[in-house]
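# sharing a model prediction with you, sequence too.
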Amino acid sequence: MDEQVREIEKAYREAVTDFNTDSGIPVKEVYIPEDIAGIKFDEDIGLPGEYPFTRGHHPRMYRGKLWNMRQISGVSTPKRQNERLQFLLEQGANALNCEVDGTTWYGIEPDQPYAEGHFGVSGVALHTLRDVEAMVEGLPLDRLSMNWNDPLPGVAQAYLLAAKKRGHDFGDLRAVQSAIHFFLPVCVPSYTELLYVGKRFSTLARWGNDFCEYALKNLPKWNIWYCDSGSLVEAGANAVQEMAFAIASRNELVREMLRRGVDINTIGKKLSPTIALSRDFFEEIAKIRAARRVWARTMKEDFKATDPAAMCLRLHGNVTGSLYTRGQPLVNIVRGALGTLAGVLAGCMGIQVAFYDEAWCTPTEEAVTLAMRTQQVIRYESGVAKVADPLGGSYYVESLTNKMEEGITSLVEKIEQMGGWMATLQNGWVQDEVKKGFLDLQNKVESGNRMRVGLNCFVAPKEEDFQPQIYAPDSSDVDEYIAEFREFKKNRDEKRLKDAIESVRRVAEKTDENLVPYVFEALEADATFSEIIGVLRMVDGLDYDWAGEREYPF
């Protein structure tokens, strides 16, 4: 009883003891007009839809168009993924985001030894144009905005061909699609070779940049998803680093597209990064407002953009899975709601909410539905979307936005002085910074200085804790897919296929032509994504097969 009394007394008198944001910015006890005395409304804050876009990308914000509810999904085979995508649309999703599995990422064919245990895990396995056709069967492709979490353009190019086969013009299709992810060496060290070889872009990265150029010139309704800074946050980056790295890597892509002769206003209007929505509520809002300001200023002053639309940061917010805990997973629903609310108050154009069973398994339909309902309650019941930038003018938010802007600007300038994003990747500086952040965060959690409900405080006994239903795909579906894949490869026109693959190789080795048209031809000749990836690896002197299990078959 005495212990219980002491705990009650402790809880009754508990007070805030951490006076810094998660990025380490000191926070005052209270903010007053003097804290924003140096801020000029017209220059620093302004109105939504006007330079420097601190308050949002559009004058009317959500009165003009609510944010896209782009929930992610990645379920084993193309057939199962199609069923899940249809389910998402039934629950109210108005944009779709597909997570691909490890075999797709690395160009591992499904019947290879290495694929065992990796096929269809944490994503859908996509290996051919036929697979993509099956995945999008019955979907209204001319009405949806699509996205694939694929570091290379293979799935995107197959999607275009699948849509073309159904009678859609490329110009009618919407997507937010990656060209090449500039964060891969930070988050996936084994993928370093995908981005660069020595001091130059790798041939795989060239393919990504070629697709970016192709999209900018030929796909008017596509945006370029060049980075997922949420992955950096999950790896250990703080909010200042996240936005600075997103802008520094943008600079690398912009310079590459300018070198190719693409107009800066065309480039600026099509870039759309994904950012994290994490746990420090006000810092998340301030970082987005600050990033818009830095983005607009650098696009105008450094790259000489003249169209205001080319200076505006358009972003998608992802409530990150690293925010969640395995213990007491239902509490993650609350975390998802807070992250979503921060994204809405900051004016995100699209939002995706991690599923409460994120740490356990591929999400069940129940978890998918709850994530959708989280967005819908905030969207339709909270009233927060009625006013553009409702926290604008808050002494605290404006002061914190300024502090975030200073930190982001300083870090971007430091990266530029070190030679730019590619240089800091190649010398390992970025990786070291993120690693230090991860270790610092882990130490704070283990010491209890950073409280995580259900993890280091208010922990439920394991035997009493809620355990979610574990999603398990039908293994017979996988066996059927692999058998069909083998049959598909047997029945191809070998001469047509070889000619198409050799054309890709020849263009990659001997010319600076855009690879995209040649990859289209290879996909139509029934080349697998793995075969295209393999031949482009060979151009750089790498093994045809990442896993070292196959030889070049042509």
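Yep, that arrived. Numbering: from 1, shown residues only.
# in the stretch 201-350 of the chain, which spans are helices?
203-218, 229-235, 239-259, 264-268, 281-301, 332-346 (DSSP state H, counting those that start in this stretch).
# got the ones you listed as a markdown table, with mean neighbour count columns?
Every C-beta, even on glycine, is put in place using the N, C-alpha and C of the backbone. Shown next, in a markdown table, are the helices of the stretch 201-350 of the chain (neighbours: other C-beta atoms under 10 Å):
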| stretch | mean neighbour count |
| --- | --- |
| helix 203-218 | 23 |
| helix 229-235 | 24 |
| helix 239-259 | 23 |
| helix 264-268 | 21 |
| helix 281-301 | 23 |
| helix 332-346 | 22 |
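# figure out which of those helices is closest to residue 550.
Nearest to residue 550, of all those, is helix 203-218, at 17.0 Å by C-beta to C-beta.
# packing partners for the closest one?
helix 192-195, strand 222-224, helix 239-259, helix 264-268, helix 494-510, helix 516-524, helix 529-539 (3 or more C-beta pairs under 8 Å, 6 or more residues apart in numbering; DSSP states H and E).
# redo the helices of the stretch 201-350 of the chain as JSON lines? Include mean pLDDT.
Listed next are the helices of the stretch 201-350 of the chain as JSON lines, based on pLDDT from 0 to 100:
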{"stretch": "helix 203-218", "mean pLDDT": "93"}
{"stretch": "helix 229-235", "mean pLDDT": "84"}
{"stretch": "helix 239-259", "mean pLDDT": "94"}
{"stretch": "helix 264-268", "mean pLDDT": "97"}
{"stretch": "helix 281-301", "mean pLDDT": "97"}
{"stretch": "helix 332-346", "mean pLDDT": "96"}
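# save the helices and strands packed on helix 203-218 as TSV, and put in distance to residue 393 too.
TSV is the format used below for the helices and strands packed on helix 203-218 (distance: least, C-beta to C-beta, whole Å):
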stretch	distance to residue 393
helix 192-195	42
strand 222-224	30
helix 239-259	21
helix 264-268	28
helix 494-510	54
helix 516-524	47
helix 529-539	50
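# what's the top helix by length along the chain packed up against?
When the chain is parsed with DSSP state H, its longest helix is helix 395-417. Under the contact definition 3+ C-beta pairs under 8 Å, 6+ apart, helix 395-417 sits against helix 239-259, helix 281-301.
# for residue 41, which of these is the nearest?
Nearest to residue 41, of all the helices and strands packed on helix 395-417, is helix 281-301, at 13.0 Å by C-beta to C-beta.
# tell me what the closest one is packed against?
Against helix 281-301 (3+ C-beta pairs under 8 Å, 6+ apart) you get helix 239-259, strand 274-277, helix 332-346, helix 395-417.
# if we can go back for a sec, the helices and strands packed on helix 203-218: which one's closest to residue 127?
Residue 127 sits nearest to helix 529-539 of all the helices and strands packed on helix 203-218, at 5.5 Å, using C-beta to C-beta.
# can you list contacts of the closest one?
Helix 529-539 is touched from outside by 104, 107-109, 126-128, 152, 154-155, 158, 193, 203-204, 207, 501, 504-505, 508-509, 515, 519, 522-523, 543-546, 550, 552-554, with contacts defined as C-beta atoms under 8 Å, 6 or more residues apart in numbering.
# run the angle between that helix and helix 203-218 for me.
Computed by axes from the mean of the first three to the mean of the last three C-alpha atoms, to 10 degrees, the angle separating helix 529-539 from helix 203-218 equals 120 degrees.
# that'll do, ta.
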